[in-house]
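Trainee: this is the structure alone, sequence omitted:
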């Protein structure tokens, strides 16, 4: 299962953080820092999208200046989560029409709502982009 | 969704415009003060509350501590507007976690939303429970979430979210939820037509089945069938195709789920899985150019390979996969190399032969120098898993060489692994000692205490090793830079065994002393303490350097460290005692041999991965470790199966070696050994039958006198279809249908020893008892019938074997879905049971399916098996019915003349081997004895009626032999004496086994007993 999802920019500013295991605030700060220091210096071309982290592993992918990271169990299927990240990014892109970092900043509450449609309780919830987008459209129209 | 809030946008822009952190903090503090003020004043409308709360949340996300807004969040979730509720819930889930006190306040509001008619509110509530989900929530809302999951009125969104919410609650608090009771219902959701619901239900099942394997067993076939439909039938909606790969996440989940069960016993299922896996392998032969397509395809492929290894590491599929992996570890993409090495490590960890992996040894060693540390780690794991006697020197050598340049955070693990491998595969002591000492000198900081403890243990326990170890460690101590761990090893080994090399050139006592003592200045207190002990041992062994040693003790009597000072004082006193005193010698005697214990190193290594949510399906390491783990994992599962396999006494012997069928190799090993075991088992059976003395009973003489009873009976093995005419194709001979074990094994066994009747109460309906009773003496009839379904039964018995065909008919005009049929066997090992589950999950309207069951009587039993039928037709229905498989069904009649009958009757004698009952009977309407019915019942209990023995024509005399494969044959004699005037009947059964007497009496008398009979 996913322990947490982090979206950070290259400076290490966290744009989205979702925790599926309870950590206290200090621990969250520590984790954000550690993950950033682990991921940011990794080479995009010659290094894999997976790296061990404590007793788990992080599956991550970089989109422009943003790192999307999933911390998953050490025996989880890496590629399935890597593509789940991509699915999430595709949904964001379609929803915000060409998503950029600022969308995540200004519409943070929508991003959380989108996240809840794709991941829940540390598991993948819905895998059809169309189904998610239709649902988001419907929610968007509600008062 | 929340429309844009201008104030919020402005606030965010302001903060972004701040150049330095102080300005940012200032702006935030101003805003927070403002909001606090507003909240205090109260009288805010929904929009304002929402806006302010959003600002608070944003501030929190930036990483600032916030102390306002908690109560407003609690208020806002009760709003009627979605946009306000959403912000309220967002603040709730972000600002609180499962242990916050405030969570208690919201439980009621959340419950209200969960039970609301508006599905949007249900979803919001579920999000909150799934994110917070503490124990109190689990207790208060678990039931409600489950209801939302199974309710027919729930939308697919609610179902999906409810399934995952339940998963979260279950993972955190497994004891709060009655997973076992919900099992059937949850498993049936895997068949939901919506792929999202199916996916989430599969996730839930995967988590729950790890603890409740028996209860969730039905998921196995479902998963296999689902995969089969996706891979071969293209059964998936178009919007679930991800870059040309059909629903990769569902495929991965299903493939993973199957790894939590031991390899299936049914050959049909094994074949089905095999073809699915090969199908997946075939699809991925060519590499797509699109990254997403490639990744999705490989996600499925690698999971399939893992499953293939799990099911049977020696299968053709695994062989093909091995070839593919060989290509993968050379691939250009780093991800693929990483995954290739990982899968190969799994193969090496489970496979019986390491040859396919060893072919790539050079590539793997080269991967230790990959640019990515993740790949280097996988290579290390793989080298560790694939190491055996033949390549251990090369691999350990490479690892030690690589250790010098390895990343710091990799070294400790490497040291551990090298130490384990060296110990495991050492053929020469010298090599072991050299390697470990090299390890210590190369990466001393990363050598845990366990490693050097282990060296000391092994050196102490192996006398041959001691001189070599002493001189080797002495050599290492000569180096200019010596690691402290080396000094510890040196101190211990030289103190204990230094005298063994004292006569060699350059190893004199004084030189040993100098070698150690020159390093002492750099050591920590515990090491110095250890060295003091070395010195006192030397006082005993090397009197020539005693003065030097006493000198040192004297100096240490003044150090500040209490431990050191105490030791020094005590040792000094000891050393100064007169030479004639043998106290010193007895204190410093050689250390006794350590008790043989398991290396703690392996344990330490595995402690790493133990924290993951789902249990690991395999661990890095050799085959033995994995087999042991799997044995543990599947210990409880199919216990009943094992029990019914292993029968008491001699027959059990050849079965014992199969006690761990769960190991990944069990299936692999099965085909060969079966042929060996089969005849063995038969022999023991024959022995049992032929040599009654083997049973060790005192009445063996009676047994032998009755043994000839079966002369007229047919012998056990009947090859021709017994139920000819009933779908002949499905009827197969018992020999062909044996499981991979070569044994009759029930598909579902007792639920972990608990009487299944207690777990699921028997279905109650007016005629059930009548139908059941009639079938105990008839070969076909109705077992159950209601408005929806009719269940009929046909049976045939020969000797100790029998077969039943259960016909389940759908009387409705719409199909039964999520259909499943299983059998519980409370009789355990006394009754062998094989269940040929027809591959159906649906019954079409107005049609029927047939399920075949083979039974084998192994010993006397009293509890009939229980059939469980579940299906979805409008509502979810579960039928739990007893099957009329009773001990008298395995009786075969025999004919006896009057003289031999009475001779045997007398030999058996009275109680306890005689059972007798006097019971009331009903007369026919004309007031006569119902002789025809008596004959039918007795005959139906498969006893032969003997004529010419009792002069009274109303009295019946009967005889038969009970066949059982383990307990042998039991002769049965009986008499039935009805009395018309008294309306009473006396039934007497005598047999060589008191349990049989009682049981046959009970069965045969019940239909005739006017008080008890149901018909």
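Mentor: Everything's here; your move. Just so you know, these numbers come straight off a predicted model, no measurement behind them. Numbers count the residues shown, from 1 in each chain, chains lettered A, B, ... in the order given.

Trainee: and for the residue in the stretch 351-500 of chain B positioned nearest to chain A, nearest residue in space, chain neighbours not counted?
Mentor: Chain A sits closest to residue B:372 of the stretch 351-500 of chain B, with a gap of 4.0 Å, by C-beta to the nearest C-beta. C-beta coordinates here come from the backbone N, C-alpha and C atoms, glycine included. Spatial nearest neighbour of residue B:372, chain neighbours left out: residue A:47 (4.0 Å); criterion: C-beta to C-beta, 6 or more residues apart in numbering or on different chains.

Trainee: the one you found touches residue B:337, doesn't it?
Mentor: No - the criterion here is C-beta atoms under 8 Å, and residue A:47 misses it with residue B:337 at 10.7 Å.

Trainee: tell me which of those two has more neighbours.
Mentor: Applying other C-beta atoms under 10 Å in any protein chain shown to residue A:47 and residue B:337 shows that residue B:337 carries more neighbours, namely 23 against 19.

Trainee: quick one, what contacts that one?
Mentor: Applying C-beta atoms under 8 Å, 6 or more residues apart in numbering or on different chains, we find residue B:337 in contact with A:48, B:328, B:329, B:330, B:331, B:367, B:370, B:375.

Trainee: over to residue B:56?
Mentor: Residue B:56 is in contact with B:32, B:35, B:66, B:68, B:69, B:91, B:95, counting by C-beta under 8 Å, 6+ apart.

Trainee: tell me the spacing between the fourth one and residue B:1000.
Mentor: Using C-beta to C-beta, to the nearest Å, one gets 81 Å for the distance from residue B:68 to residue B:1000.

Trainee: between those two, point out the one with more neighbours.
Mentor: Using other C-beta under 10 Å as the criterion, residue B:68 and residue B:1000 rank with residue B:1000 on top: 30 against 20.

Trainee: helix or strand: which one has that one?
Mentor: helix B:994-1005 (DSSP states H and E).

Trainee: what helices or strands is that helix leaning on?
Mentor: helix B:768-777, strand B:914-920, strand B:968-979, strand B:984-991 (3 or more C-beta pairs under 8 Å, 6 or more residues apart in numbering or on different chains; DSSP states H and E).

Trainee: parallel or antiparallel, which strands does the shortest one pair with?
Mentor: Within its sheet, and counting by DSSP bridges, strand B:914-920 is paired with strand B:984-991 (antiparallel).

Trainee: and if you look at the longest one?
Mentor: Strand B:968-979 sits in its sheet next to strand B:956-964 (antiparallel), strand B:984-991 (antiparallel), going by DSSP bridges.

Trainee: return the residues of the stretch 101-250 of chain B in contact with chain A.
Mentor: Residues of the stretch 101-250 of chain B found near chain A (C-beta under 8 Å from any C-beta of the partner chain) are B:120, B:126-127, B:130-131, B:133, B:157, B:160-161, B:164-165, B:167-168, B:171, B:195-196, B:199-200, B:203, B:237, B:239-240, B:242, B:247-250.

Trainee: in helices, which of the residues you listed appear?
Mentor: Of these, the ones assigned to helices by DSSP state H are B:120, B:126-127, B:130-131, B:157, B:160-161, B:164-165, B:167-168, B:171, B:195-196, B:199-200, B:203, B:248-250.

Trainee: gap between residue B:554 and residue B:525?
Mentor: 18 Å.

Trainee: try residue B:900
Mentor: From residue B:900 to residue B:525 the distance is 93 Å (C-beta to C-beta).

Trainee: one more: residue B:219?
Mentor: Counting by C-beta to C-beta, the gap from residue B:219 to residue B:525 is 58 Å.

Trainee: likewise for residue B:194?
Mentor: Per C-beta to C-beta, residue B:194 is found 67 Å from residue B:525.

Trainee: between these two, which has more neighbouring residues?
Mentor: Taking other C-beta under 10 Å, residue B:194 and residue B:525 do not tie; residue B:194 has more neighbours (20 against 13).

Trainee: could you look up the SS state of residue A:62?
Mentor: Per DSSP: H, G, I helix; E, B strand; the rest coil, the local secondary structure of residue A:62 is strand.

Trainee: which residue comes closest to it once chain neighbours are left out?
Mentor: Nearest non-adjacent residue to residue A:62, counting by C-beta to C-beta, 6+ apart: residue A:44, 6.2 Å away.

Trainee: and the one you found, what are its phi and psi?
Mentor: Per-residue torsions, residue A:44: phi -80, psi -30 (degrees, to the nearest 10).

Trainee: please apply the same query to residue B:793.
Mentor: In terms of degrees, to the nearest 10, the main-chain angles of residue B:793 are phi -140, psi 140.

Trainee: one step back: and the strands paired with strand B:968-979 as CSV, adding mean pLDDT?
Mentor: Shown next, in CSV, are the strands paired with strand B:968-979 (pLDDT from 0 to 100):
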stretch, mean pLDDT
strand B:956-964, 88
strand B:984-991, 89
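
Trainee: need these in TSV (columns: mean neighbour count).
Mentor: What follows is the strands paired with strand B:968-979, written out as TSV (neighbours: other C-beta atoms under 10 Å in any protein chain shown):
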stretch	mean neighbour count
strand B:956-964	25
strand B:984-991	22
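
Trainee: and the contacts of the host helix or strand of residue A:36?
Mentor: Using DSSP H and E, residue A:36 falls within helix A:25-39. With contacts defined as C-beta under 8 Å, 6+ apart, helix A:25-39 is touched by A:4, A:6, A:8, A:12, A:14, A:17, A:19, A:23, A:51, A:53, A:58, A:60, A:67, A:69, A:71, B:63, B:65.

Trainee: next secondary structure element downstream of it?
Mentor: Following helix A:25-39 in sequence order, the next helix or strand is strand A:50-53 (DSSP H and E).

Trainee: can you spell out which helices and strands pack onto that next one?
Mentor: helix A:25-39, strand A:56-63, helix B:373-386.

Trainee: what residues of the longest one count as buried?
Mentor: Neighbour-count burial for helix A:25-39, with 16 or more other C-beta atoms under 10 Å in any protein chain shown as criterion, is recorded at A:28, A:31, A:32, A:35, A:36, A:39.

Trainee: residue B:813 against residue B:844, yeah?
Mentor: No - the pair residue B:813 / residue B:844 is not scored as a contact, 10.3 Å apart, by C-beta under 8 Å.

Trainee: comparing the two, which residue is more hemmed in?
Mentor: For residue B:813 and residue B:844, the more surrounded residue by other C-beta under 10 Å is residue B:844, and the numbers stand at 12 against 7.

Trainee: ok, that one touching residue B:815?
Mentor: Yes - the pair residue B:844 / residue B:815 is scored as a contact, 5.2 Å apart, by C-beta under 8 Å.

Trainee: tell me the contacts of residue 59?
Mentor: I'll assume chain A. By C-beta under 8 Å, 6+ apart, the residues touching residue A:59 are A:49, A:50, A:69, A:70, A:72, A:78, A:81, A:82, A:85.

Trainee: let's do chain B instead
Mentor: B:28, B:31, B:32, B:66.

Trainee: what's the closest non-adjacent residue to residue B:98?
Mentor: Nearest residue to residue B:98, sequence neighbours excluded (C-beta to C-beta, 6+ apart): residue B:134, at 3.4 Å.

Trainee: also residue B:964?
Mentor: residue B:857 (4.4 Å).

Trainee: per-residue pLDDT, the one you found?
Mentor: Looking at residue B:857, its pLDDT stands at 87.

Trainee: got it, and residue B:999?
Mentor: Model confidence at residue B:999, given as pLDDT, is 87.
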